[in-house]
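Chemist: Just the structure for this:
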Amino acid sequence: MLQRSLLLVLVLASGGPLYAQGQELPAPERYHLRAEYWWWWPDLGAEIRNGAGGTLSNVEDDLGVGNQRTFELRGTLRAGESHKLAGSYTQLDYDGDITEHATVRFGSQTFFSGTQILSSLKGGYYGAQYQYDFAKGPWGFFGGLAGARLLDLDVLVVAPAEARRDVQSLHVWRPVIGVSGRGYMGRYVSIAGSVAGLTVGSRGYCIEFDASLQIHIVNRVGLKAGYRSFRVKDDTEGSFLEFRDNGATVGIELSL
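Modeler: Here you go, the predicted structure:
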């Protein structure tokens, strides 16, 4: 279903008549600044190893970390007819509490099976990008993008009964390239989607995808619902992280 939604966006965008490029954009796209707020219900999946001697631990099975609703903020500045600058922030705030687990070696500490482990994963996922819309018209727009993503995460593992703890701070930068588009089906409804990512060889990668349906209440305000996912992998200097979040989204959009 997600692939079909994105495909529809690409077909609407790339298949628009060439003469439409000189025509006026839909009213919701004639903005200077756009702000979005998204509620997100992701399913967390992550494996982490702190140091070459650490164990590869699943954050759910070994650290007791569960799913948690979060939010994302997005902002877009239209810098020209086809030029856009965009930024985003997603809050990451997870906690865990587990006793029944395999032995976990995390950094300088070893947490044996049966030891209560309290853990937290706190930080943010940031994005910045430039987009050029090389096709646009009354049907919507389609463009290419280039930018960077940062996963900024502090992982804390504590054995409270033994007064032992260790923390790992991760700052994972990844460049991304991709495509983004929105197709309008009449005045009040549109479908949008984007795909971005890049690999940096054996060190890891970043891949993200989102698709959404917009209901435009008025030209400047829209309600949105869709799906979003991102995955970041980092494998350097004995440490390892593969962080995945994916799930349903609901949001609101304000264009000025």
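Chemist: pLDDT score assigned to the nearest residue to Ala35 once chain neighbours are set aside?
Modeler: Once flanking residues are discounted, Ala35 sits nearest to Leu254: 5.0 Å by CB to CB, 6 or more residues apart in numbering. Placement of C-beta: from N, CA and C, glycine included. pLDDT, Leu254: 97.
Chemist: Buried residues in stretch 90-109, which are they?
Modeler: Thr90, Leu92, Tyr94, Gly96, Ile98, His101, Val104, Arg105, Phe106, Gly107, Gln109 (16 or more other CB atoms under 10 Å).
Chemist: can you pull the contacts of the last one?
Modeler: Listed by CB atoms under 8 Å, 6 or more residues apart in numbering, the contact set of Gln109 reads Val157, Ala159, Arg164, Arg165, Asp166.
Chemist: go again using 7 Å as the cut-off
Modeler: Val157, Arg164, Asp166 (CB atoms under 7 Å, 6 or more residues apart in numbering).
Chemist: roughly how far apart are the first one and Gly124?
Modeler: According to CB to CB, to the nearest Å, Val157 stands 20 Å off from Gly124.
Chemist: Who has more neighbours out of the two?
Modeler: Each of Val157 and Gly124 has its neighbours counted (other CB atoms under 10 Å); Val157 has more, 25 against 16.
Chemist: so what's that one scoring on pLDDT?
Modeler: pLDDT recorded at Val157 is 96.
Chemist: Where do the helices of the stretch 1-150 of the chain begin and end?
Modeler: Secondary structure of the stretch 1-150 of the chain by DSSP state H, counting those that start in this stretch: the helices cover 2-14.
Chemist: where in it is pLDDT low?
Modeler: Low-confidence segments of the stretch 1-150 of the chain (pLDDT under 70): 1-23.
Chemist: And the stretch 151-256 of the chain, by the same measure?
Modeler: Scanning the stretch 151-256 of the chain residue by residue, none of them satisfies pLDDT under 70.
Chemist: And the strands in it, which stretches?
Modeler: 164-184, 189-199, 204-218, 221-236, 239-255 (DSSP state E, counting those that start in this stretch).
Chemist: Now go through the buried residues of stretch 90-109 and say which are in strands.
Modeler: Thr90, Leu92, Tyr94, Gly96, Ile98, Val104, Arg105, Phe106, Gln109 (DSSP state E).
Chemist: Which of those sits closest to Thr76?
Modeler: Using CB to CB, Thr90 comes nearest to Thr76 of these, at 15.7 Å.
Chemist: Please name the residues that touch that closest one.
Modeler: Thr70, Glu72, Gly124, Tyr125.
Chemist: go on, Leu170?
Modeler: Leu151, Leu153, Val155, Asp234, Leu241.
Chemist: Likewise for Ala248?
Modeler: Trp41, Tyr227.
Chemist: Give the bridge partners for it, please.
Modeler: Listed beta-bridge partners, Ala248: Trp41, Tyr227 (assigned using DSSP bridges).
Chemist: hang on, the earlier thing: looking at the strands of the stretch 151-256 of the chain, which is closest to Ala35?
Modeler: Of the strands of the stretch 151-256 of the chain, nearest to Ala35 by CB to CB is strand 239-255, at 5.0 Å.
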